[in-house]
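Q: With the sequence up front, the predicted model follows.
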Amino acid sequence: MKYIMKSRLYRLGVLAAAAVAMASCAWLPASYDAEKIYKITVLHTNDHHGRFWSNRHGEYGLAARKTLIDQIRQEVTAEGGHVLLLSGGDINTGVPESDLQDAEPDFKGMARLGYDAMALGNHEFDNPLAVLRKQQSWVDFPFLSANIYDQQGKRLFPAYTIFNLDGLKVAVLGLTTEDTAKLGNPEFIDEIDFRNPITEASQLVPELKHQAQMVIAVTHMGHYPNAKHGINAPGDVSLARQVNGLDVIVGGHSQDPLFKPDKQNNTLILQAYEWGKYVGRADFEFKNGELTLTNYQLIPVNLKKKVKQGDKEERVLMGKAIAEDREIKAFLAPYQEKGQAGLSKEVASLDGKLEGDRHVVRFQPTNLGELIAQAQQEKMHADLAVMNSGGIRDSIEPGSVTYKDILQVQPFGNIVVKVDLTGKELLNYLRVVAAKPADSGAFAQFSGVNLLIKQGRLIKATINDKPINPAKNYRLAINSYIAAGGDGYPKLDNHPNYVNSGFVDADVLTEYMSKNSPIKIADYQAEKKVIRK
């Protein structure tokens, strides 16, 4: 198919020779009117993570998103066009008001916004499959993923759906990162087979090209520039380069704001950051086998930026103010009120920031990483504790700390467990854990042990200033997720000395912080206890 992209800001030339375009048109279905100009607008969001309600600054939220989407639909319809609203997945896990209600307000809200399809994200598997099936029952749009199978080799979800827009057929194919096998909770995905999405797409896209004039992949795989995905599974750039025939990839997972489409192998890759902060809008025209992008933009949903006014900083809107839809706000309000109940009670006070930002905690030891590990170590009467950074989802700001703050840090509901190991077993475990690379959820945080790590190799490990004795027994505290092999950690839930405490990690942290309040961050100097060179 001949493909042209042009924009108010930039224009790209023809991306295929005329002969190639003629050859490709020969095997397209001929049900559309070759002389008609079809107008298709693709709206997209991704990595919603429970943000159904606006934040304290009035940013994002489903109610304002509804107003914006309705305005665009009205505009496009008036011009004789069609709108597809797609999500790149990860609706689950992010704020306690949503997490405590299995994201019911989010999914039911999305249905009322008129989403047409979504890709399944890895965080859709933070809960048992029964919860995901319940979430499916709340919506009237498909959850798509071509590469998720059961152990008998049957797809668990539809691979794709096809929309007929006045005779023009648009296929939407869903794909999920195969990293879900290590990112999802092992307790819930043991019977699920996450296959290579690129392999699945390479088999399905040629079929879809015979059924539709436009093929969109809605993915939760991540955008990694120039296909440099590091320790992550290959993402959208690799998909575009290795699979011919995709017109558009609407992505998620890496949570990038792509203000300009990334063009790879005649495929446009789009992504709209996270949390519904932006709605991506791509306007296309299709005529006689030629697809043209006429406009692309990320539209901020009441986002604000800090601007200095004299000695003060003020937050000013980055775009136009978007009113909240009254019906959606009224529908969501009971969920917000229910979620707020009990969350605002103070459990501790704090004299400084506990660092849990993903761009910090996945790269270096932090005070919050040590504090969480120490809370689990103390609860289990253990000699040491290890915490995966991927289980730390936010920072805690100084001042009053509420249960909501803690749930935002640890939203997954993992159980704190203990395992008694010999010194030899423990050293082998620590060697593996110490090698976990930065920029990953597997990157380890510690308590109760001092470590020297050089280039990912464990050089020295001491407990109470004494080297670990291979013949002695030690008690290790961890969470059930990594005990089950999550994030690629050594599997310990099959060890004869494994004990599941039944205590939820967020509750353990709450108890520890409440007992030790006021918390002094100077007591948690992780960078002095775990040295990486």
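A: Yep, it's here.
Q: list the contacts for Met318?
A: Pro300, Leu303, Lys304, Lys305 (CB atoms under 8 Å, 6 or more residues apart in numbering). (C-beta placed from N, C-alpha, C; glycine too.)
Q: among those, who's most crowded?
A: Sorting those by how many neighbours each has (other CB atoms under 10 Å) puts Pro300 first, at 21 neighbours.
Q: wait, doesn't that residue sit right on Tyr278?
A: Yes - counting by CB atoms under 8 Å, Pro300 touches Tyr278, with 5.6 Å between them.
Q: want to throw the contacts of Met318 into a markdown table with pLDDT, secondary structure and distance to Leu354?
A: Shown next, in a markdown table, are the contacts of Met318 (pLDDT from 0 to 100; DSSP: H, G, I helix; E, B strand; the rest coil; distance: CB to CB, whole Å):
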| residue | pLDDT | secondary structure | distance to Leu354 |
| --- | --- | --- | --- |
| Pro300 | 98 | strand | 29 |
| Leu303 | 98 | coil | 26 |
| Lys304 | 97 | strand | 25 |
| Lys305 | 94 | strand | 26 |
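Q: what's the closest of those residues to Gly167?
A: Of all the contacts of Met318, Gly167 sits closest to Pro300, with 35.0 Å by CB to CB.
Q: what residues are up against the closest one?
A: Here Pro300 is in contact with Lys277, Tyr278, Leu317, Met318, Gly319 (criterion: CB under 8 Å, 6+ apart).
Q: okay if I get the contacts of Met318 as a markdown table plus distance to Tyr512?
A: Compiled in a markdown table, the contacts of Met318 are given as follows (distance: CB to CB, whole Å):
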| residue | distance to Tyr512 |
| --- | --- |
| Pro300 | 39 |
| Leu303 | 35 |
| Lys304 | 35 |
| Lys305 | 37 |
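Q: any chance you could map the strands in the stretch 351-500 of the chain?
A: If DSSP state E, counting those that start in this stretch is used as the criterion, the strands of the stretch 351-500 of the chain fall at 384-388, 399-402, 415-422, 444-447, 450-454, 457-463, 466-467, 473-479, 498-504.
Q: list the buried ones in the fourth one?
A: Of the residues in strand 444-447, those with enough neighbours to count as buried (16 or more other CB atoms under 10 Å) are Ala444, Gln445, Phe446, Ser447.
Q: quick one: that strand to chain centroid distance?
A: Distance of strand 444-447 from the chain centroid (CA atoms, centre = their mean, to the nearest Å) equals 23 Å.
Q: Going forward, the N-terminal residue is numbered 746.
A: Sounds good: first residue 746 from here, last item strand 1189-1192.
Q: and it, what's its mean pLDDT?
A: Mean pLDDT, strand 1189-1192: 97.
Q: ok, it: who's next to it in the sheet?
A: Based on DSSP bridges, the pairing partners of strand 1189-1192 within the sheet are strand 1129-1133 (antiparallel).
Q: and if you look at the longest one?
A: If you go by DSSP bridges, strand 1160-1167 pairs up with strand 1218-1224 (antiparallel), strand 1243-1249 (antiparallel).
Q: And the contacts of it?
A: Contacts of strand 1160-1167 (CB under 8 Å, 6+ apart): 1121, 1124-1127, 1174, 1215-1225, 1228, 1237-1238, 1240, 1242-1250, 1253.
Q: Could you check how far the closest residue in space to Val1106 that isn't next to it in sequence is from Leu1172?
A: Once flanking residues are discounted, Val1106 sits nearest to Ser1134: 4.7 Å by CB to CB, 6 or more residues apart in numbering. In this structure, Ser1134 and Leu1172 are 22 Å apart, going by CB to CB, to the nearest Å.
Q: which of these two has more neighbours?
A: Legend: neighbour count by other CB under 10 Å for Ser1134 and Leu1172, higher for Ser1134 (28 against 17).
Q: List the contacts of the more buried one.
A: Contacts of Ser1134 by CB under 8 Å, 6+ apart are Arg1103, Val1106, Arg1107, Gly1114, Ser1185, Gly1186, Ala1187, Phe1188, Ala1189, Gln1190.
Q: now do 6 Å
A: By CB atoms under 6 Å, 6 or more residues apart in numbering, Ser1134 lies in contact with Val1106, Arg1107, Gly1186, Phe1188, Gln1190.
Q: The fourth one reaches Val1106, doesn't it?
A: What it means is Phe1188. No - the criterion here is CB atoms under 6 Å, and Phe1188 misses it with Val1106 at 7.6 Å.
Q: higher neighbour count, those two?
A: It is Val1106, of Phe1188 and Val1106, that has more neighbours when counted by other CB under 10 Å, with 28 against 22.
Q: check contacts around the more buried one.
A: So Val1106 contacts Gly1114, Ser1134, Ile1137 (CB under 6 Å, 6+ apart).
Q: buried sites along stretch 1009-1024?
A: 1009, 1011-1024.
Q: Could you do stretch 1256-1267 as well?
A: Applying 16+ other CB under 10 Å to stretch 1256-1267 flags Tyr1257, Met1258, Ile1264, Ile1266 as buried.
Q: same thing with stretch 1202-1215?
A: Leu1203, Ala1206, Ile1208, Ile1213.
Q: For the residue nearest to Gln1155 when sequence neighbours are not counted, which residues are in contact?
A: In space, and not counting its chain neighbours, Gln1155 is closest to Ala1251: 4.3 Å by CB to CB, 6+ apart. Counting by CB under 6 Å, 6+ apart, Ala1251 makes contact with Ile1151, Leu1152, Gln1155.
Q: Turn the residues you listed into JSON lines, including neighbour count, pLDDT and distance to Lys781.
A: Listed next are the contacts of Ala1251 as JSON lines, based on neighbours: other CB atoms under 10 Å; pLDDT from 0 to 100; distance: CB to CB, whole Å:
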{"residue": "Ile1151", "neighbour count": "26", "pLDDT": "95", "distance to Lys781": "57"}
{"residue": "Leu1152", "neighbour count": "24", "pLDDT": "91", "distance to Lys781": "52"}
{"residue": "Gln1155", "neighbour count": "23", "pLDDT": "95", "distance to Lys781": "54"}
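Q: any chance of those in a markdown table, plus distance to Tyr777?
A: Output for the contacts of Ala1251, formatted as a markdown table (distance: CB to CB, whole Å):
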| residue | distance to Tyr777 |
| --- | --- |
| Ile1151 | 55 |
| Leu1152 | 50 |
| Gln1155 | 51 |
